[in-house]
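In: Just to be clear, the model below is a prediction. Sequence and coordinates:
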Amino acid sequence: MKVLTAVLRLYCLQIFAFLAISLSTYFPGWDLILSGVYLVVLTVESRLHSGLGLREKFLVLMAWQGGALFLAFYVWQGWTFWGLCDYGIFALQFWSAPLLPWWALIHIPLSSRFPCYYYLVLITPLLLSVWYFLISWPTTQKSAGYCLKY
Amino acid sequence: MNRCWSRICLGIFPGLTLVFLAAFLIMNHQAITDPCGAVSKYVHSAVQGNIGFGDAGFYDNQISFTDLEPGDIVLGGYPNCAYGRYSHAGIYIGDNNVAEAYADLGVCIQPLAHFRSYSQVCLLKVDVPAMMKERAVEYIKKQQGRLFYPIAFKPGDRFWNCSKIMWKAYAEQGVDLDTLHDIWVCPESFRSSPYVKVIREISQ
């Protein structure tokens, strides 16, 4: 039940952050502010999960980012099965929307075929997973009491 | 205290979504409720089961690219595209190359010949002074590698899609190629612009 609640909360955050940040791109500048808010909220939410065990956290991560991690690997490998090749990168962009305003600021010319943001979109699920895992790590004895009361 | 943080975390983005949706609807209610607008067209297509750029493939159309000058626009489309007859736009930059934008490549330069893969192609001559066309081409070349986002709205210059970059390049020269005045610029919009003339069009 704890794992399910944690996953549902993270999905709620991710989906509404995608909607709010995508809409806010109509008002340039607000998207950057909302993207910052997303990082703060994700950090607080991750701290609330610090009472979860290692196995439970792994399950939460897999349920939250597992699909996106697989899709990122799928796109990176250039696979074509399941017919996702045309729309895989679109789906990943929508999933990465909460961080996309920051990726749009980074414009480093690369000698590779793809631009810098492409690789940032691909590693976004990994970055979010690592961030969640590190922040939710219990730092003190007391942190166990900081967990979310389900 | 924890319950308070828990509620804030859960409620903040649904709340922000409502706020930005309300602001967006207030500013664009005419475009959104227009039965001929992009939103209505997309919803209608979605109901029919078409949600993307259509049935992509190599259709090997035999269009001739002669008469294109740098700054002219090339439109391409696949059957069952959700947002109009044409799903893609590029600007001819000379030497058989076209500047355009894709989800994975961002704003990029590609060989013009790949437009042969579309089932429908339209070549548009932009009827403005040559200097403006050169500046438009230069503007797009400077944006190479910039981020593509499928739902890039017209305001702002950090999120692009294939037609917004073209519209913006000419808008910077004082030429508004968008005739539909929608929340997005659709490739279809260029075809009916008073600033363009159809050079050639092919449909398979």
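Out: That came through fine. Numbers count the residues shown, from 1 in each chain, chains lettered A, B, ... in the order given.
In: Please name the spatially closest residue to A:V75 (chain neighbours excluded).
Out: The shortest distance from A:V75 to any residue that is not its chain neighbour, by C-beta to C-beta, 6 or more residues apart in numbering or on different chains, is 4.4 Å, and that residue is A:G88. Bear in mind the C-beta positions are built from the backbone N, C-alpha and C, glycine included.
In: for the one you found, what are its contacts?
Out: When contacts are counted by C-beta atoms under 8 Å, 6 or more residues apart in numbering or on different chains, A:G88 touches A:71, A:74-75.
In: Next: A:V7.
Out: A:59-60, A:63-64.
In: Name the nearest residue to it, sequence neighbours excluded.
Out: Using C-beta to C-beta, 6+ apart, the closest residue to A:V7 is A:A63 (4.4 Å).
In: Point me to the helix or strand that includes that neighbour.
Out: Taking DSSP states H and E as the definition, A:A63 sits inside helix A:54-77.
In: do the same with B:V98
Out: Under the assignment given by DSSP H and E, the secondary-structure element containing B:V98 is strand B:97-102.
In: and the angle from the following helix or strand past that strand to strand B:97-102?
Out: Under the assignment DSSP H and E, the closest C-terminal helix or strand after strand B:97-102 is strand B:106-111. Here strand B:106-111 points in a direction 150 degrees away from that of strand B:97-102 (axes from the mean of the first three to the mean of the last three C-alpha atoms, to 10 degrees).
In: Tell me the neighbouring strands of the helix or strand just after strand B:106-111, and mark each as parallel or antiparallel.
Out: Elements were assigned by DSSP H and E; along the chain past strand B:106-111, the next helix or strand is strand B:120-126. For strand B:120-126, the paired strands and their directions (DSSP bridges) are strand B:73-77 (antiparallel), strand B:196-203 (antiparallel).
In: residues of the very next helix or strand once past strand B:120-126 that come out buried?
Out: Taking DSSP H and E as the definition, the helix or strand that follows strand B:120-126 towards the C-terminus is helix B:130-142. In terms of neighbour count (16 or more other C-beta atoms under 10 Å in any protein chain shown), helix B:130-142 has its buried residues at B:132-137, B:139-140.
In: cool, and stretch A:95-113?
Out: So, applying 16+ other C-beta under 10 Å, buried residues of stretch A:95-113: A:95-101, A:103-104, A:107.
In: do it and chain B meet?
Out: Yes. Residues of stretch A:95-113 are located near chain B by C-beta under 8 Å from any C-beta of the partner chain, namely A:100-101, A:103-105, A:107, A:109-110, A:113.
In: just the CA coordinates of stretch B:50-65, formatted as PDB?
Out: Only the C-alpha atoms of stretch B:50-65 are listed here, as PDB (Å, rounded to 0.1, in the frame of the first residue of the first chain):
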ATOM      1  CA  ASN B  50      -5.500  10.100 -36.200                       C
ATOM      2  CA  ILE B  51      -3.200  11.600 -33.600                       C
ATOM      3  CA  GLY B  52       0.200  12.100 -35.300                       C
ATOM      4  CA  PHE B  53       1.900  13.100 -38.500                       C
ATOM      5  CA  GLY B  54       0.100  10.400 -40.500                       C
ATOM      6  CA  ASP B  55       1.200   7.200 -42.200                       C
ATOM      7  CA  ALA B  56       4.900   7.800 -42.700                       C
ATOM      8  CA  GLY B  57       6.800   6.000 -45.400                       C
ATOM      9  CA  PHE B  58       8.700   6.400 -48.600                       C
ATOM     10  CA  TYR B  59       6.200   7.500 -51.200                       C
ATOM     11  CA  ASP B  60       8.800   8.400 -53.800                       C
ATOM     12  CA  ASN B  61       6.900  11.400 -55.300                       C
ATOM     13  CA  GLN B  62       8.500  12.800 -58.500                       C
ATOM     14  CA  ILE B  63       8.200  16.500 -57.800                       C
ATOM     15  CA  SER B  64      10.800  18.700 -59.500                       C
ATOM     16  CA  PHE B  65      12.600  21.200 -57.200                       C
END
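In: which SSE is the spatially most central residue of chain A in?
Out: Of all residues in chain A, the one closest to the mean position by C-alpha atoms, centre = their mean is A:L128, 4.1 Å from it. Under the criterion of DSSP H and E, A:L128 resides in helix A:116-135.
In: Nearest to B:G49 among the contacts of A:G88?
Out: When the contacts of A:G88 are compared for distance to B:G49, the smallest value, 22.4 Å, is given by A:L71; criterion: C-beta to C-beta.
In: where does the closest one land on pLDDT?
Out: In the predicted model, A:L71 carries a pLDDT score of 93.
In: likewise the one 10 residues further on?
Out: Looking at A:F81, its pLDDT stands at 81.
In: Tell me the spacing between it and A:Y74.
Out: The gap separating A:F81 from A:Y74 is 9 Å, by C-beta to C-beta, to the nearest Å.
In: hmm, back to that, tell me what the strand holding B:V98 is packed against?
Out: When contacts are defined as 3 or more C-beta pairs under 8 Å, 6 or more residues apart in numbering or on different chains; DSSP states H and E, strand B:97-102 sits against strand B:88-94, strand B:106-111, helix B:130-142, helix B:162-171.
In: pLDDT on the longest one, on average?
Out: The pLDDT scores in helix B:130-142 average 95.
In: Kindly report the same for stretch B:182-189.
Out: For stretch B:182-189, the per-residue pLDDT values average out at 88.
In: which parts of the worst-scoring helix or strand of chain B on mean pLDDT are buried?
Out: Lowest mean confidence among the helices and strands of chain B (mean pLDDT, DSSP states H and E): helix B:38-47, at a mean of 81. Neighbour counts using 16+ other C-beta under 10 Å place B:38-39, B:41-42, B:45 of helix B:38-47 among the buried residues.
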